[in-house]
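> Build the 3D model from these lines:
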Amino acid sequence: MKHQLPIADILSENFTADFHRNSEEIGFNAVANASTDPRFSIDGKTIEEQKILLYKDLREFADLPESEKEKIDRWAEGQRGYTGLWVEKSGELWELRTHLMTAGVLPEGHPLNDYRKDGFYLPNVKIPQIPTLIPRAEQLAQSMEKLTLYTAEQLEKYLDIPNGTMAAPLAYGQYFIRLHIYPKPDEVIGARVLNGVEAIGGTKVDGVEVVDIIHNGKRHNNILRASPHPDIGLITWLLGSESPGLYIQMKDGSALPFTTDPGKIVANSADFIKYIHRRFQKYESTIHWVGMNEESAKKDRLSIADFVHTRPMFIINNNRTGAEFLYDRLYEINHLDIKTRDNLIAASKNYPKDDEMILRILRWEEKQLIKDKSFEPKLMKYY
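Next comes the predicted model:
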């Protein structure tokens, strides 16, 4: 089943008005024409061209034996590398899901590289079997940063809020490119629709399709592909999927199934955008999930998402930083035990204030401009 999400066309003069309205009303935008817009290209390739190549590599990776994939390191509590089955749990239900986590990388010498020891801005793992996969994911992260900063700047103008209010914390933020692989089960032995499924935060969700399966010789009940959950961060960009299955919870409690149209990128308002400015207070961080029924379980499913986070020392809400909130969510979804979470949060209290980090980055950008007049600063235009 295919349902149309509200559209915001990036080439339209109504782009920001539509994006703002859709974000308040439903929390999702189908952003048209961004994937082919040359303004967001890297090395002459549009987002759409990059996406096609990355999906090709992801398909090759998905087809590797699980024993090969499990040899890939898992760094920084799941923020880099390969996470196999039955590790992450994004909500109440267990998921038939694996993923390869990558992110954009900073230039050597950038001040934020000092925080790699705590899991931020790490280099990405290598995939020797498919050497183009990680470079293509890193390139896509660059394009998505361009698109994100452009969207933030346009919203600031439209809402008449100070330049950089939303964009500046996302300059040199973290752009996690997550490559999802939802394998097919060996056998489906039952199917049902569950109501009252609890998502992170306590919201109850109706209309969730689940199956009972046999996988690798073991029976598992009430399995789906992604449990109902909100997203952490400011924005999640969904760059399509090979097959349907994604649902969002509407305000009336109903479940809306949709498939991303070719050529559109879906923008999902995440948990923290509402804290950036009072004009974003009504932006919906919408519960969504990937269900599974007897028909959709017949083949695996691939998808690509870009999770947009601020710099780790940026204060989001109640004097708590992006780092603290991220560690909390990693604990909630089963990547951290409570002791490790508390130790990491304690270490993050020693980070410099974001204002101090901004000054360090601005000085670094000035030095880069002196060395190379073609260098394009990301932060300087907001100060």
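> contact partners of whatever helix or strand residue 191 lives in?
In the assignment (DSSP states H and E), residue 191 maps to strand 187-194. Residues outside strand 187-194 that contact it (C-beta atoms under 8 Å, 6 or more residues apart in numbering) are 93, 207-214, 219, 221-222, 293-294, 297. (Each C-beta comes from the backbone N, C-alpha and C, glycine too.)
> Just name the closest of the residues you listed to residue 319, please.
Compare each of these with residue 319 using C-beta to C-beta and the shortest gap goes to residue 93, at 33.7 Å.
> ok, residue 61 - contacts?
Each residue near residue 61 by C-beta under 8 Å, 6+ apart is listed here: 69, 100, 127, 129, 130, 133, 179, 181.
> Would you agree the second one falls within a strand?
Yes. According to DSSP: H, G, I helix; E, B strand; the rest coil, residue 100 belongs to a strand.
> Return the distance of it relative to residue 117.
With distances taken as C-beta to C-beta, to the nearest Å, residue 100 is found 23 Å from residue 117.
> Filter the contacts of residue 61 down to the ones in strands?
100, 179, 181 (DSSP state E).
> Same list, these, but as JSON lines with neighbour count please.
As requested, these are exported to JSON lines (neighbours: other C-beta atoms under 10 Å):
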{"residue": "100", "neighbour count": "25"}
{"residue": "179", "neighbour count": "22"}
{"residue": "181", "neighbour count": "22"}
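> Pick the one among the residues you listed closest to residue 231.
residue 179 (16.2 Å).
> can you tell me which residues contact the closest one?
54, 58, 61, 99, 100, 101, 102, 137, 302, 304.
> pLDDT of stretch 40-52, averaged?
Summarised as a single mean, pLDDT over stretch 40-52 is 96.
> List of residues touching it?
The contact list for stretch 40-52 (C-beta under 8 Å, 6+ apart) reads 34-38, 53, 136, 139-140, 142-144, 146-147, 150, 239-240, 263, 265, 304.
> Could you list the alpha-carbon positions for that stretch in CSV?
This file holds the C-alpha atoms of stretch 40-52, laid out as CSV (Å, rounded to 0.1, in the frame of the first residue of the first chain):
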residue,chain,number,x,y,z
PHE,A,40,24.0,19.6,-2.8
SER,A,41,26.3,17.6,-5.1
ILE,A,42,29.7,16.4,-4.1
ASP,A,43,32.4,15.8,-6.7
GLY,A,44,29.8,16.3,-9.5
LYS,A,45,27.4,13.7,-8.2
THR,A,46,23.9,14.6,-7.0
ILE,A,47,22.4,12.9,-3.9
GLU,A,48,20.3,10.7,-6.2
GLU,A,49,23.4,9.5,-8.1
GLN,A,50,25.2,8.9,-4.9
LYS,A,51,22.3,7.0,-3.5
ILE,A,52,22.1,4.7,-6.5
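> Please report the distance of the residue nearest to residue 255 when sequence neighbours are not counted from residue 288.
In space, and not counting its chain neighbours, residue 255 is closest to residue 207: 3.5 Å by C-beta to C-beta, 6 or more residues apart in numbering. According to C-beta to C-beta, residue 207 stands 12 Å off from residue 288.
> which neighbours do the two share?
Taking C-beta under 8 Å, 6+ apart as the contact rule, the neighbours common to residue 207 and residue 288 are residue 247.
> which one of the two has more residues nearby?
Taking other C-beta atoms under 10 Å, residue 207 and residue 288 do not tie; residue 288 has more neighbours (25 against 18).
> Let me know the secondary structure of the residue lying closest to the more buried one once chain neighbours are set aside.
Spatial nearest neighbour of residue 288, chain neighbours left out: residue 248 (4.5 Å); criterion: C-beta to C-beta, 6+ apart. Assigned with three-state DSSP, residue 248 falls in the strand class.
> So in terms of bridging, what pairs with residue 248?
Note on residue 248: beta-bridge partners by DSSP bridges are residue 256, residue 288.
> That one - how many residues pack around it?
Neighbours of residue 248 under the rule other C-beta under 10 Å: 22.
> Okay, and residue 81 sits in which element?
strand 80-83.
> which other helices and strands contact that strand?
Using 3 or more C-beta pairs under 8 Å, 6 or more residues apart in numbering; DSSP states H and E, the elements in contact with strand 80-83 are strand 74-75, strand 98-103.
> Of those strands, which is nearest residue 11?
Per C-beta to C-beta, nearest to residue 11 of these: strand 98-103, 28.7 Å.
> Would you map the helices across the stretch 251-383 of the chain?
Secondary structure of the stretch 251-383 of the chain by DSSP state H, counting those that start in this stretch: the helices cover 322-332, 338-348, 354-371.
> which one of the ones you listed is the most hemmed in?
helix 322-332 (a mean of 21; mean count of other C-beta atoms under 10 Å).
> Can you give the contact residues for that helix?
Against helix 322-332 from outside (C-beta under 8 Å, 6+ apart): 77-79, 118, 120, 200, 232, 271-272, 309-314, 316, 336-338, 341, 344-345, 348, 351.
> buried subset of the residues you listed?
77-79, 118, 120, 200, 232, 271-272, 309-314, 316, 336, 341, 344-345, 348, 351 (16 or more other C-beta atoms under 10 Å).
> excluding its backbone neighbours, what's nearest residue 352?
Of all residues not flanking residue 352 in the chain, residue 313 sits nearest, at 6.4 Å (C-beta to C-beta, 6+ apart).
> contacting residues for that neighbour?
Counted by C-beta under 8 Å, 6+ apart, residue 313 has contacts 321, 322, 323, 348, 351, 352, 353, 354, 357.
> And it, how far from residue 328?
16 Å.
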